[in-house]
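Novice: Sequence first, predicted coordinates after that:
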Amino acid sequence: MKKTMCVIFLIVLAVATMKYFILKSEETQSLQKPLESPAPAVEPTSIFSQRKAETGSDILADIRRARQMLEKENAEYVIYEKSKKGKWEVKDFMVLLAVQHADKKIEIVSVDPKAGELQQGYTIQWNRLNGVNTDFTVIHPADCVVLAIKRVVRTEDAFGEVIYTPYSKEIDCEDLRKAGLAYLKKTIQAARANLRKVSSQVHPERSVAETAPKDLSMVLAIIEHIDPDRLARGELIKKLINEVLVVVGANQGVAYRYSVSKANARGLFQFIPGTYDKIRKQYQDAGLKEDFILGMNDHFNAAKASLLLFDSDLNHLNKKVNLQRNKMSLGKYLASSYNCGATRTAKEIRSHKGLWERKVPLETRVYLKKFNAVWNSLIGA
């Protein structure tokens, strides 16, 4: 009996040993196989990217056509006066959408924001109303794109109807991104050229056109319109940059005209009234427009103001602190100054040297993270 048990045990042990070596051999072979490269990430293709590939569609021409059609229409709205505050508000309003179908035909659809998704035979969705930036998506019919909208907005104490192209993934294409980047560069280059006869207050023997860092005005105009929370959540900086460029490319001269922060920073370059007025008086020979809102609505004028502000902010730096050798270091200083002021930024640089970025206000530290991401993506270290 004992002999039989021993034989069985030896057989089981032998089988287990064979299975172990077989598994070990298979594992070794699998480890020696070359690793397959993961499939490259594919950028989502917008409807317009597909149309251009198929028919050579010109999105800028289509947007112009949509705007011309909207100009002939009126969006309905009703205003009323708040009895307690004596302030006029919009009670009811409609939004007109210029919707392009797959056959390139454009129709004007009137949307009541208080109604449901079904509007005039269309199924239209929107996450939330966000002024002219509301992203309206046509679910039915398929392959439709919203090229522009018309709606009422408040401009100071008055109301008026405006036409705008909000960002949507359906129009996010290379043509609009390139148009946006080209528009920014052209506007800033024209502003710089206009300042060739305006003396720098940092280097009086030179002009502001020579002292203002190249590319910085463009970078700051972009990061002003990037949501820091989305960047913190891990959204790709390239995607966030592209969204800004699409809005600029589609709207050009009116891009971000209706963007006003809680601090009353306004427009593409997001100046606040006090800073603009200070720069206008400090550089009187630059010819900045006297009216703040008109000055911000004019991108050429606003770009000039941003370049003049850079020159002014450089005055706060200790002459012994030389940031000019490194474009990105100089850009960080001016970006921080743009956000929290040159006095505070220069003070932290004097007090904390290389650790100054940790000492500026939290909002500015977040702003600098955006600056680093956009600068590295567009300009490079």
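Specialist: Perfect, I can see it now. Residues are numbered from 1 along each chain as shown.
Novice: rest of the way, CA atoms for contacts and neighbours
Specialist: Fine.
Novice: Now His140, what are its backbone angles?
Specialist: Main-chain torsions, His140, degrees, to the nearest 10: phi -140, psi 130.
Novice: Give me the secondary structure label for the closest residue in space to Asp298 that isn't next to it in sequence.
Specialist: Spatial nearest neighbour of Asp298, excluding adjacent residues (Cα to Cα, 6 or more residues apart in numbering): Gly253 at 7.5 Å. Here Gly253 is recorded as helix under DSSP: H, G, I helix; E, B strand; the rest coil.
Novice: Tell me the pLDDT of Gly253.
Specialist: Per-residue pLDDT puts Gly253 at 97.
Novice: number of nearby residues for the nearest residue in space to Ile379 that is not next to it in sequence?
Specialist: In space, and not counting its chain neighbours, Ile379 is closest to Asp215: 7.8 Å by Cα to Cα, 6+ apart. If you count neighbours by other Cα atoms under 10 Å, Asp215 ends up with 17.
Novice: CA atoms only for stretch 125-145, dumped as PDB, please.
Specialist: The C-alpha coordinates for stretch 125-145 follow below in PDB (Å, rounded to 0.1, in the frame of the first residue of the first chain):
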ATOM      1  CA  GLN A 125     -29.000  70.300 -28.400                       C
ATOM      2  CA  TRP A 126     -26.900  72.600 -26.200                       C
ATOM      3  CA  ASN A 127     -25.400  72.000 -22.800                       C
ATOM      4  CA  ARG A 128     -26.000  75.400 -21.300                       C
ATOM      5  CA  LEU A 129     -26.600  78.900 -22.600                       C
ATOM      6  CA  ASN A 130     -23.300  80.800 -22.700                       C
ATOM      7  CA  GLY A 131     -24.100  83.900 -24.600                       C
ATOM      8  CA  VAL A 132     -22.600  84.100 -28.100                       C
ATOM      9  CA  ASN A 133     -20.300  81.100 -27.200                       C
ATOM     10  CA  THR A 134     -23.200  78.700 -26.800                       C
ATOM     11  CA  ASP A 135     -22.400  75.400 -28.600                       C
ATOM     12  CA  PHE A 136     -25.500  74.400 -30.600                       C
ATOM     13  CA  THR A 137     -25.300  70.900 -32.100                       C
ATOM     14  CA  VAL A 138     -27.700  69.600 -34.700                       C
ATOM     15  CA  ILE A 139     -28.500  66.000 -34.000                       C
ATOM     16  CA  HIS A 140     -31.100  65.600 -36.800                       C
ATOM     17  CA  PRO A 141     -30.900  65.800 -39.700                       C
ATOM     18  CA  ALA A 142     -27.400  64.200 -39.800                       C
ATOM     19  CA  ASP A 143     -24.200  65.900 -41.000                       C
ATOM     20  CA  CYS A 144     -25.500  69.500 -40.300                       C
ATOM     21  CA  VAL A 145     -23.200  72.200 -39.000                       C
END
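Novice: Buried residues, it. List them.
Specialist: By neighbour count on 16 or more other Cα atoms under 10 Å, the buried set for stretch 125-145 is 125, 132-138, 144-145.
Novice: And it, how far out from the chain middle?
Specialist: Taking the mean C-alpha point of stretch 125-145 and that of its whole chain, the gap between them comes to 19 Å (Cα atoms, centre = their mean, to the nearest Å).
Novice: contact partners of it?
Specialist: Among residues not part of stretch 125-145, those counted as contacts by Cα atoms under 8 Å, 6 or more residues apart in numbering are 47, 99-102, 113, 117, 122-124, 146, 149, 151, 153, 164-168, 170-171, 258.
Novice: Out of the buried residues of stretch 125-145, which two sit at the greatest distance?
Specialist: Val132 and Cys144 (19.2 Å; Cα to Cα).
Novice: which residues make contact with the strand or helix carrying Gly180 from outside it?
Specialist: Using DSSP states H and E, Gly180 falls within helix 174-194. Helix 174-194 has contacts (Cα under 8 Å, 6+ apart) with 49, 59-60, 208-209, 217-218, 242, 245-250, 252, 299-301, 303-304, 307.
Novice: buried stuff in it?
Specialist: 175-181, 183-184, 187-189, 191-192, 194.
Novice: State the next helix or strand along the chain beyond that helix.
Specialist: Next along the chain after helix 174-194, with elements defined by DSSP H and E, is helix 208-211.
Novice: Can you spell out which helices and strands pack onto that next one?
Specialist: Contacts defined by 3 or more Cα pairs under 8 Å, 6 or more residues apart in numbering; DSSP states H and E place helix 208-211 against helix 174-194, helix 299-314.
Novice: Just send those back as JSON lines, with distance to Tyr77 and mean pLDDT too.
Specialist: What follows is the helices and strands packed on helix 208-211, written out as JSON lines (distance: least, Cα to Cα, whole Å; pLDDT from 0 to 100):
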{"stretch": "helix 174-194", "distance to Tyr77": "31", "mean pLDDT": "97"}
{"stretch": "helix 299-314", "distance to Tyr77": "29", "mean pLDDT": "96"}
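Novice: Endpoints of stretch 335-345, how far apart?
Specialist: Taking Cα to Cα, to the nearest Å, the first and last residues of stretch 335-345 lie 10 Å apart.
Novice: Can you check the distance spanned by stretch 151-170, start to finish?
Specialist: 20 Å.
Novice: Domains in this structure, by residue range?
Specialist: As given by automatic domain parsing, the domain ranges for the chain are 47-164, 174-378.
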